[in-house]
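Trainee: Sequence unavailable; structure follows:
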DNA sequence: GGGCTTCTTTTCCGTCGTCAATAAAAGAAG
DNA sequence: CTTCTTTTATTGACGACGGAAAAGAAGCCC
């Protein structure tokens, strides 16, 4: 195994410094005055926080002198130097591992995929280590060092403890993944639920920037949901939240693997759609791609399946909006390949079922390449790095 | 109009002091060491925070020396002196006003009810003023002074601005109620949504004490829901949240006044139940009380109506649990008069529809006398008083 | 080159909370 | 009856942090 570089500590000890850095990270180049206003702090505090960050190379002065007002001393915006530090993000599914190398601004610099050799902890860890090694080489070529590794797993994950409590796809229970991976890779490791990781990425680097209340809904094999309330990602008292996939939208609907009937996932999940398309056409349909193709060829009955799926998703989103009143809902996921097939139904069902001001919620779709999941994992690593609450690799 | 007493300022300027006071308020008598542990502060901080609070009379040393361990210096617990300050809580419905006088510990000391003379702002304000005056007299008899007034109104309320954005029952739009009432009564006024006010009361003085994630579901004329996430009451980006009443539980269900079908409220709201009981029995049924009576007399078809209502409520609660993963759900409201008629169904439907760990959520029912709504309003006033973010009466 | 405006930095200061040492209040031991 | 032990509370020194205000800096305009 390659020896990873020594890990630095981030020179933002105080809450204010951390907050200012995050503000600049999310809102791009900012003058000190603007940063102060955005973070609700005094300009003096910004100067004090920024200085060590510039000295350490995490921030740089931006000499973009355009659109400057003609009067007064020119502003001196600062921005994050993305190349200053690199991070790894790994998404583990039931079949494969997707890994990305990102910079500090969470831009993807390299990526790798690897089919899963086996689902036992040992095998998965070995596969992760292999991809990590490859990406560490890419990092060397970029002339920067990797400061953390984020791993995203679907299921019940305790981020604080770095433990995968239960993963249905991997059939894992109480696996201390952060500790294990830290020992294997020699990097600080953050482990989180995949949808929450994606939500963090949206919150810091995507369409959730600056919003204190929003939701991310992922449409794919499952239907997931990440929630941000009061500016924080919701984890629930028992580590599980955002199970929009198992919100009942039709008590008379099809049975779901969860034991209930008419869950969103039982109508709009990938498996459910494939099953319904098969039933409607009487043809062999292997996967979602084929189902979409049939729909686009206007095979009778297929579009109706997607319409029903869109309706279920729209109702689910309306439920979230009615309960939490988010400012925005970001719909994402592999399932958006079929976007044109149900976008209208999502919108209609949402509008119909959203109550009062909840309808003012902004619903947008955002196509999501699969690497995005891994990028989410990297975002959690960046978050941990900045908050300096890294679980130290214990070896 | 009686001259109300001058308003004091609460001697807990620092966040830590405020937090320690709140901790003692919610958790009853606490030794300084315990309070420190609970609030996550040093014992020294507690001593410093407690001293001025004792001097000002808000805290008193409790000399309850029972169950003391036999060794070491005896602990010296402190508790809040409820009688030190009084508060008024007013709940305004479409028909009447309920007002309570509480002490600092939010114990009800006196209460009044008054049918609404009219629904226009002027008339309602006059009625509020009348009840406030009466209760200020009671306050004099108790030998303490009133430090704030809380008003709870159903609908879309902006607490920070003290404005009722929209109240369907009163047909109000953008009424600056806090300012108006402050001028009329000469007290600091806090205005909040009624369900949120009740949630605050549960959070500080009820079954939500010590929980960072829980929900309050009210069953009555409407079905409401207050949410606490990350220890804070959720208000939503547009001021509306917790609309569990308009979560769809059966797309084939009865039409709701909100324009949708199969909302929880359209099945389990008071009006819906009365309508269904009428249809099932063919009898004249005036209100919920009669409907409950019919059910208790085992009139055919009536119990089924309640069973359906319980199922709808249970599903709604399961939806909340699936999305937010609260630690507890507190079911409350006037509708609980029919508690025995649907408690079983609520529980069954919840268990069936709750996914994974969400089912570990603790669902409890809590009968709620109508004054409790007004007590919730008082709780918001207490909260404002302690946080010292009182909107000053501007006159 | 002053004057003006706006952004940034510096210096000083008050606040707050922790640390570590000390005091206090018992019962237990001798 | 004194001293020790144990636990709780208080004190005072200290350091960190962020704000206020004033000074400095860097342009444009005349």
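Mentor: Sure, I can see it. If you're wondering where the values come from, they're calculated on a predicted model, not measured in any experiment.
Trainee: shaky segments in the stretch 201-350 of chain A?
Mentor: Applying pLDDT under 70 to the stretch 201-350 of chain A flags no residue at all.
Trainee: Can you show me the strands along it?
Mentor: Under the criterion DSSP state E, counting those that start in this stretch, the stretch 201-350 of chain A contains strands at A:214-219, A:223-229, A:232-233, A:328-332.
Trainee: which one of those lies closest to chain B?
Mentor: strand A:223-229 (4.6 Å; C-beta to the nearest C-beta). All C-beta atoms are positioned from the backbone trio N, CA, C, and that covers glycine.
Trainee: Output the contacting helices and strands for that closest one.
Mentor: Applying 3 or more C-beta pairs under 8 Å, 6 or more residues apart in numbering or on different chains; DSSP states H and E, one finds that strand A:223-229 contacts helix A:194-205, strand A:214-219, helix A:264-268, helix A:302-324, helix B:302-324.
Trainee: 6 Å instead?
Mentor: helix A:194-205, strand A:214-219, helix A:264-268 (3 or more C-beta pairs under 6 Å, 6 or more residues apart in numbering or on different chains; DSSP states H and E).
Trainee: partners of it, with directions?
Mentor: Here strand A:223-229 has these sheet partners by DSSP bridges: strand A:214-219 (antiparallel), strand A:232-233 (antiparallel).
Trainee: which non-adjacent residue is nearest the residue of the stretch 101-250 of chain A found nearest chain B?
Mentor: Closest approach between the stretch 101-250 of chain A and chain B, counting by C-beta to the nearest C-beta: residue A:236, at 2.0 Å. In space, and not counting its chain neighbours, residue A:236 is closest to residue B:325: 2.0 Å by C-beta to C-beta, 6 or more residues apart in numbering or on different chains.
Trainee: how far does stretch A:18-38 sit from the chain's center?
Mentor: Counting by C-alpha atoms, centre = their mean, to the nearest Å, stretch A:18-38 is centred 22 Å from the centre of its parent chain.
Trainee: is any part of that stretch close to DNA strand C?
Mentor: Yes: part of stretch A:18-38 sits near DNA strand C under the criterion C-beta under 7 Å from any atom of the strand, namely A:31-33.
Trainee: Tell me which residues touch the closest residue to residue A:295 other than its chain neighbours, please.
Mentor: Using C-beta to C-beta, 6+ apart and skipping the chain neighbours, the partner closest in space to residue A:295 is residue A:302 (4.4 Å). Applying C-beta atoms under 6 Å, 6 or more residues apart in numbering or on different chains to residue A:302 gives the contacts A:277, A:294-295.
Trainee: Drop anything exposed from those.
Mentor: Buried by 16 or more other C-beta atoms under 10 Å in any protein chain shown: A:277, A:294-295, out of the contacts of residue A:302.
Trainee: out of those residues, who's nearest DNA strand C?
Mentor: residue A:295 (53.4 Å; C-beta to the nearest atom of the strand).
Trainee: ok, now which ones touch the closest one?
Mentor: Applying C-beta under 6 Å, 6+ apart, the residues contacting residue A:295 are A:302-303, A:306, A:341.
Trainee: what about 10 Å?
Mentor: A:273, A:277, A:301-307, A:338, A:340-342 (C-beta atoms under 10 Å, 6 or more residues apart in numbering or on different chains).
Trainee: and residue A:97, helix, strand or coil?
Mentor: Of the three states, residue A:97 takes strand under DSSP: H, G, I helix; E, B strand; the rest coil.
Trainee: same thing with residue A:72?
Mentor: Going by three-state DSSP: residue A:72 is coil.
Trainee: how many neighbours does whichever residue of the stretch 201-350 of chain A sits closest to DNA strand D have?
Mentor: Nearest to DNA strand D, among the residues of the stretch 201-350 of chain A, is residue A:231, at 17.0 Å (C-beta to the nearest atom of the strand). By other C-beta atoms under 10 Å in any protein chain shown, the residues close to residue A:231 number 13.
Trainee: tally of neighbours for the closest residue to DNA strand C within chain A?
Mentor: Here chain A gets closest to DNA strand C at one residue, residue A:72, 1.9 Å apart by C-beta to the nearest atom of the strand. Using other C-beta under 10 Å, residue A:72 has 7 neighbouring residues.
Trainee: Please report how far it lies from residue A:33.
Mentor: 11 Å (C-beta to C-beta, to the nearest Å).
Trainee: okay, now the domains of chain A?
Mentor: Structural domains assigned to chain A are A:15-80, A:83-200+A:372-387, A:209-365, following automatic domain parsing.
Trainee: With respect to residue B:100, which of those domains lies nearest?
Mentor: domain A:209-365 (28.8 Å; C-beta to C-beta).
Trainee: mind checking how far that closest one is from the chain centre?
Mentor: 17 Å.
Trainee: quick revisit: tell me, how many neighbours does the residue nearest to residue A:236 end up with?
Mentor: Residue B:325 has 27 nearby residues by other C-beta under 10 Å.
Trainee: picking up where we left off before, which non-adjacent residue is nearest the residue of the stretch 201-350 of chain A closest to DNA strand D?
Mentor: residue A:212 (4.2 Å).
Trainee: Please list all residues in contact with that neighbour.
Mentor: Counted by C-beta under 10 Å, 6+ apart, residue A:212 has contacts A:203, A:228-232, A:326-327, B:237.
Trainee: Tell me the residues of the stretch 51-200 of chain A that contact DNA strand D?
Mentor: A:70-74.
Trainee: Can you pick out the most distant pair from these?
Mentor: Maximum distance among these (C-beta to C-beta): 11.8 Å, for A:70 and A:73.
Trainee: can you tell me which residues contact the residue of the stretch 101-250 of chain A closest to chain B?
Mentor: A:156, A:227, A:242-243, B:213, B:229, B:321-327, B:357-358, B:360-361.
Trainee: is it true that residue A:274 touches residue A:306?
Mentor: No: using C-beta atoms under 10 Å, residue A:274 makes no contact with residue A:306, being 11.7 Å away.
Trainee: Overlap of the contact sets of the two?
Mentor: Common neighbours of residue A:274 and residue A:306 (C-beta under 10 Å, 6+ apart) are residue A:291.
Trainee: So which of these two has more stuff around it?
Mentor: Comparing residue A:274 with residue A:306 by other C-beta under 10 Å, the one with more neighbours is residue A:306, at 23 against 18.
Trainee: do you know how far the nearest residue to that one once chain neighbours are set aside is from residue A:104?
Mentor: Counting by C-beta to C-beta, 6+ apart, residue A:306 lies nearest to residue A:341, which is 3.9 Å off, once chain neighbours are set aside. Distance of residue A:341 to residue A:104, computed by C-beta to C-beta: 38 Å.
Trainee: repeat for residue A:93
Mentor: As judged by C-beta to C-beta, residue A:93 and residue A:104 stand 26 Å apart.
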